[in-house]
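>>> Could you work out the structure for the sequence below:
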Amino acid sequence: MWLKPEEVLLKNALKLWVLERSNRYFVLQRRRGYGQDGGGGGLAGLLVGTLDAVLDSTSKVAPFRILHQTPDSQVYWSIACGASREEITEHWDWLEHNVMKTLSVFDSNEDITSFVQGKIRGLIAEEGKGSFIKEDDPEKFREALLKFEKCFGLPEQEKLVTYYSCSYWRGRVPCQGWLYLSTNFLSFYSFLLGAEIKLIISWDEISRLEKTSNVILTESIHVCSHGEDHYFSMFLHINETFLLMEQLANYTVRRLFDKETFESDQILHDPLQITKRGLESRAHSEQFSAFFRLPKEETLQEVHECFLWVPFCHFSALGKMCISENYICFASQDGNLCSVIIPLREVVGVDKADPASRGVSISIKGKRAFRFTDVKDFEQLVAKLRLKCGATSSPQHTTNPEVASSPDPDNLVDYYEGRSMGQKDSSKTVSTEALMTVFHPQDAENLDSKMLKEKMKEQSWNILFVECGRGVSMFRTRKTRDLVVRGIPETLRGELWLLFSGAVNDMATNPGYYTEVVEMSIGTSSLATDEIERDLRRSLPEHPAFQSDTGISALRRVLTAYAYRNPKIGYCQAMNILTSVLLLYAKEEEAFWLLVAVCERMLPDYFNRRIIGALVDQAVFEELIRDHLPQLTDHMTDMTFFSSISLSWFLTLFISVLPIESAVNVVDCFFYDGIKAILQLGLAVLDYNMDKLLTCKDDAEAVTVLNRFFDSVTNKDSPLPPAVQQASNLSNAKSDHPKVDITDLIREANERYGDIRYEDVQSMRSRNRLYVIQTLEVTTKQNVLRVVSQDVKFSPSDREELYELFKKEHFLSCYWSVNSSVLRHHDPSLPYLEQYRIDCQQFRVLYHLLSPWAYCANKDSLALWTFRLLDENSDCLINFKEFVCVLDTLYNGSFTDKLKLLFKLHIPPAFTEVESLSPSKGTELSKEELIHFSQLTVSSPVDSQEADALKSPEKGKGKVDIQAYLKQWQDELLKKEENIKDLPRMNQSQFIQFSKTLYNLFHGDPEEELLYRAIAVVTSLLLKMEEVGRRLQSSTSPGKSPAVAVASTAEDQKKLQEENAPQQPESTKMQGPPSEDHEWSFAFEQILASLLNEPAL
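Model (predicted):
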C-alpha cells in the first residue's frame, strides 16, 4: 500500500528493521521478527510485535516498507508498506521500472524528493477515487483499514467505521490493542510478547452494552454476548466511543430484527454509507427532534451558543440556538428555565438587532419578536435565515421585542384547522367539535365551587399567554410546567395537547391530509379494521360520548385512517382507549395528529405486535426502581412482577387503571414531559404503597393493593358531571381506603423524582433495547426448539447448535447485502417457525457443511433437489423445522427412511434436470444457476389452489384464515402417516440419475469396488424385473422377442455403467425422455427390495 510520504530517522530504527534491498534512491526493509528470522524472531521479534500492536505508528500496519532516500542525506521518507513479501516486491518492481529511470534527469536532491513525493501522492489519490472512505484523516484511516482487513479476514463489503486504542481485560490482566468498529462487528486485536488476542463479536449477538466502573476499572465499557462478559477501558474519549458503539449496535439490531422500522429509515439503509461523522450527526439530530417534539425528518444543521432575551422576566437566558430545515429552536442551559420553538413558516422578518451585542432579531406573525445576542458570526446567520425562510428586514417588528398576544382571540391551531377543513368539502364526514363540548357543555351561569376553580385555572393560563405568548412559538418555562402539573383546564386541553406534543406542526404542514385519508380508508376491509370494529364498543363504554353513534363513528374514522396511513402498525389494542380520550378534548383531525405523534414519536415501537417500545420502557422502569426504591427491590424476589403490572400503565398512559377524570391529568403531563412523566408517576405510586407492598406475601396480594389504590385516586377539582366520573361510583367496601388526589400525587412525583433527566431516560432506553430484543430472540429459539423436538432425534444441545448455525447463515446474507431476499422476507410478527428462513444458496452452504452426503460429486445437485423437496409452498424459502428434519433423516433415520429420501430427490417436484452453464465447472453450480433451478416449477399432483393453501395463512397482512391453519395442521398429521406405496413411480431418466447418485455417494469409500459391483447387480436386476413385468402386462399386444428383450436390457445396463462418472459432461445426455414404446419405470418397493438383497449396501 502506498503511504503519504513522511520523514523517518534511521538512526533510532536500525534495531527494529532489517535491510532487504537497496539502490541509489530507495530502500526495502523488513520488520525484525518477521520472515527469515524464523519462529517469530526470538525475544527481539516478540518485543517488536508487542510494539507494533501497542504503538500508533506506521509500523503497526505491515512488516515490510519502502523508504525513499537521496545521496548524502540522513533523512528518509516512508512511501509504501506491505503485509507480505509479494505485495512489497510488486511495489519495488514498479518503482524500478517506472521511477528510477526518470530520477536521473534531475540535478538536485530536492527536485528528486519533490518528484517522488508528488508521484506517490498521485498514486494515493488515484487509489482513493472509488473509495468509500470519508474520514477526517484519510491517511491514518487507510492504515487502520489495512490492519483491520489483514487481522480479521472479513469480506471487503464489511465497512470499517472507526477504530480506537484501548485495553481489553482478560480476567485481571489488561491487554493493550486496537478496537475496530465496523457495520456488523466489534473487533479487537492485540499482540503482547507473542500472545495474540483476536476477538470478533457481531452486533446482533450483544445483549448488554453499558458503561461501568469498579475498584479496578475506574471507567470501562461492558459488552455481554452469549453470556460472556467483555470489558474495554483506557479510552481517550470513552463517551464518544460508547455512543458510536451504541448506535452501531442499535442500527444492526433494527436492520436484522426489526425490518419494518428500518425500512422507513432511508439514512441508514445502505451499510456502506455509514461513517463516524454521519453517526455523530445523526445522534445529534435525533436528540434535537425528540427534545423539541419535531418531525423525525428534521436534521440538526447548526448550533449557536447565545443569549435569548426573556421580556417578562427582564433577563437574558444563556443557551443554544438549534437550526434545522424548518425550525429555529432555543433551549436554556437549564432546560427547565426557558425553551422556544419557532417554525420558519411563521417568520416574517430576520434582522441584525445590535452590531455591538451581535444580536439577531426574528419577527413572527402576531407582532411578536425574539432577540438573540452574543451570536457568533451573526451577520452570516442573518443572511442564511433570510435565505432559508424567504423573509426580509422588518423594522416595524424589531423595535419592540416584547411579547404580545395575538389580537385574534383564536389561536393558530384554529387557523390551521379551518384552513385544512376548507381544502375539501368533506367536513360532513368529519367531526369538527371535541366530544366533551358536545356532550358536556359548560354552564356559564350556574358556577359551583369546582367550576369556579376551573375558571381560575383558565385565568392563570390566560395570564401566562399574555406573558409568554400563545401558540406554537410560546415561551415554555418553569411556570408552564407548574400549571401543567395542576391540571390543564377542560377548554384548553385539546389546544395545549396539540401544542406540547408537536402535533400542531404535523397538522399545519399537512393541510387536508386527514380528510383525504378518511375518504380513502372508508369501506376498506382488513385484519386491522376487523379488530377496530371489535373494540369500538369497549372504548370508555361508561362515557355518554361513546354510547352514541357520534362518538363511535369519530373513533372508527380516526383509528381506520391511522391504520390506513401506517399499515405496518395498523391497529393495536390500547390505541382505542387512548384515542377515545383524545377525541373527548380535541377535534377529530387534531385527535388523529395527536395519535400520530404518540405512536410514531413519543412512544416509538409501542403499538405493534411485539410492543418492543413498551417492553423497553418497562426495563427502564425496573432500572429506576432499583435506583430509587431499593427496599422494594430487596423484598421482591422476581422483578418481572413490575413488568406484568406496569404494562397497561405504559400502553394506556394510566387511562385503563385510573378514573377518567384523574387519568386526563396524567395525559397532560405526558404531552409536556413525555415518557418521563409516566416513569415518575409509576415510581410515586409504588413509593406511596411501599409499606403495604413490603408486607405482601405473593404477587396476587400486591396486585390487589395497587388496584385498590388506583380506585381511591380522585380529582377533587374535576368539573366533569358525576355521571361521567368513575371514582364517585366506588363501592362501600372500598370507601374505607383513604382518598388520594391526583394533583397531589403528580406534584409529589415531580418533587421526588424530578431529577430524572430526559437524556438519562434516552440512554437507558438504548441500553435496554438490546437486552429486550435478545430476550425476545431467546423466547423465539426456545419455542422453535420445543416444536421441533417432537419430530427429530437430535439431542437438545445438537438442536440448539443447529439453530444457531441456521440463524447465523440467515444473518450472513444480510450483513453485506442491502437487498437480501431473506432480509426482505424476515417478519418478526410471523409465527416463530416462519421468522427465520433461508434461500437455496444459504441451504447449499449449510448442506455442504453438515450433510453426510456432502462429499458426493454432484453435491450441488443434491442440495438443490433437497431444497426443492422441502420448499413445499414454492416461495423459495425453508424454515428451521424443514431444515432440521431432513438432517435428522440423514443422521438418525433408518435405512428405509434414507432410501425414501433419496428416492424422493429423484422424482418431481424435487427433481429437475441440472446442467451447469460452464462446462469447465463440471457439476458445480453458480449462485445464479442455483437460484434459477430452485425457482423452476415442476408439474405435481397438487393444483394451484391447493398449493396456495399450503402457504402460511399469515403471509401478507390480510385476514388470518383459521380454516387454512386447521387444514395445514391436518396435512402435517397426514404427512407423518405417509405410506411407501403412495410414492409415485420413477421413470427411466430419473432412475439413471438415481443410479449415478448411488455411484457418487460411495466414491472414495475403502470398499468402493465392492459397492460399485453391488450397485451394478441391483440396477441390472431392476432392469430385468421391469422388462419381465412389461412383457407380462403386454402379453395381449405384439411384443419383443426374448432375445430382443435381453439385448435391450443389457444395452441399457451398459449405457448406465458407462455414464456413472459424474465428471463427464455427457452424463446429462441420457436424461432426455425416450420414446414411449421403450419407457419403463420403477416403484419404490422394487428398489428397496433389490438393495436389501445386497449386504454390502
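>>> buried set for stretch 840-853?
Neighbour counts over stretch 840-853 (16 or more other CB atoms under 10 Å) mark 840-844, 846-847, 851, 853 as buried. C-beta here means a position set from N, CA and C on the backbone, and glycine is covered the same way.
>>> can you redo those residues as TSV with pLDDT and distance to Lys692?
Below are the buried residues of stretch 840-853 laid out as TSV (pLDDT from 0 to 100; distance: CB to CB, whole Å):
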residue	pLDDT	distance to Lys692
Cys840	89	61
Gln841	87	61
Gln842	88	56
Phe843	91	58
Arg844	91	62
Leu846	93	56
Tyr847	92	61
Ser851	92	62
Trp853	89	66
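>>> Of the residues you listed, which is the nearest to Ala684?
Of all the buried residues of stretch 840-853, Ala684 sits closest to Gln842, with 51.6 Å by CB to CB.
>>> Longest helix in this protein, please.
helix 758-788 (DSSP state H).
>>> what mean pLDDT does that helix have?
Mean pLDDT, helix 758-788: 90.
>>> For that helix, buried residues please.
761-774, 777, 780-781, 784-785, 788.
>>> closest to Met245 among the buried residues of stretch 840-853?
Gln842 (28.6 Å).
>>> Check the spacing between the closest one and Arg121 real quick.
44 Å (CB to CB, to the nearest Å).
>>> on that earlier part again, and the longest helix of the chain, what other elements does it pack with?
Packing partners of helix 758-788 (3 or more CB pairs under 8 Å, 6 or more residues apart in numbering; DSSP states H and E): strand 206-212, helix 238-257, helix 276-291, helix 612-628, helix 675-688, helix 796-815, helix 832-835, helix 880-892.
>>> With just CA atoms, put the shortest one into CSV.
Coordinates of each C-alpha in helix 832-835 appear next as CSV, following Å, rounded to 0.1, in the frame of the first residue of the first chain:
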residue,chain,number,x,y,z
TYR,A,832,-42.0,-18.5,15.5
LEU,A,833,-41.1,-21.1,12.8
GLU,A,834,-41.5,-18.6,10.0
GLN,A,835,-39.4,-15.8,11.4
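>>> now for that helix, which elements pack on it?
helix 758-788.
>>> gap between the residue nearest the centre of the chain and Ile773?
By CA atoms, centre = their mean, the chain has its centre lying nearest to Arg254, at 0.7 Å. Separation of Arg254 from Ile773 (CB to CB): 9 Å.
>>> which stretches of the stretch 601-750 of the chain form strands?
In the stretch 601-750 of the chain, the strands defined using DSSP state E, counting those that start in this stretch lie at 713-714, 740-741.
>>> per-residue pLDDT, the residue nearest to the centre of the chain?
80.
>>> quick one on the thing from earlier: of all the helices and strands packed on helix 758-788, which one comes closest to Lys150?
helix 796-815 (19.6 Å).
>>> Would you mind listing the buried residues in that closest one?
Neighbour count says helix 796-815 has 799, 802-803, 805-807, 809-815 buried, by 16+ other CB under 10 Å.
>>> Other residues contacting that helix?
157-158, 183-184, 202, 204, 255-256, 271, 781, 784-785, 788-789, 792, 794, 820-823, 826, 836-839, 841-842, 845-846, 849-850, 880, 883-884, 887 (CB atoms under 8 Å, 6 or more residues apart in numbering).
>>> which of these count as buried?
Buried among those by 16+ other CB under 10 Å: 158, 183-184, 202, 204, 255-256, 271, 781, 784-785, 788, 792, 794, 820-823, 826, 836-839, 841-842, 846, 880, 883-884, 887.
>>> The protein - how does it break down into domains?
Taking the TED database as the criterion, the chain consists of the domains 2-35+56-127, 138-263, 296-392, 612-756.
>>> Dump these into JSON lines; add distance to Glu1027 as well.
JSON lines is the format used below for the domains of the chain (distance: least, CB to CB, whole Å):
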{"stretch": "domain 2-35+56-127", "distance to Glu1027": "63"}
{"stretch": "domain 138-263", "distance to Glu1027": "55"}
{"stretch": "domain 296-392", "distance to Glu1027": "75"}
{"stretch": "domain 612-756", "distance to Glu1027": "66"}
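>>> what's the closest of these to Pro831?
domain 138-263 (16.0 Å).
>>> Any idea how far the closest one is from the middle of the chain?
19 Å (CA atoms, centre = their mean, to the nearest Å).
>>> now do stretch 276-294
Using CA atoms, centre = their mean, the offset of stretch 276-294 from its chain centre is 18 Å.
>>> again, but for stretch 652-668
Distance, centroid of stretch 652-668 to centroid of chain: 32 Å (CA atoms, centre = their mean).
>>> show me where pLDDT drops low in the stretch 301-450 of the chain?
The model of the stretch 301-450 of the chain has pLDDT under 70 over residues 335, 391-429, 442-447.
>>> Please identify the most buried of the strands of the stretch 601-750 of the chain.
Mean neighbours per residue, mean count of other CB atoms under 10 Å, is largest over the strands of the stretch 601-750 of the chain for strand 713-714, with a mean of 24.
>>> Report all helices and strands that that strand contacts.
Against strand 713-714 (3+ CB pairs under 8 Å, 6+ apart) you get helix 660-673, strand 740-741, helix 742-753.
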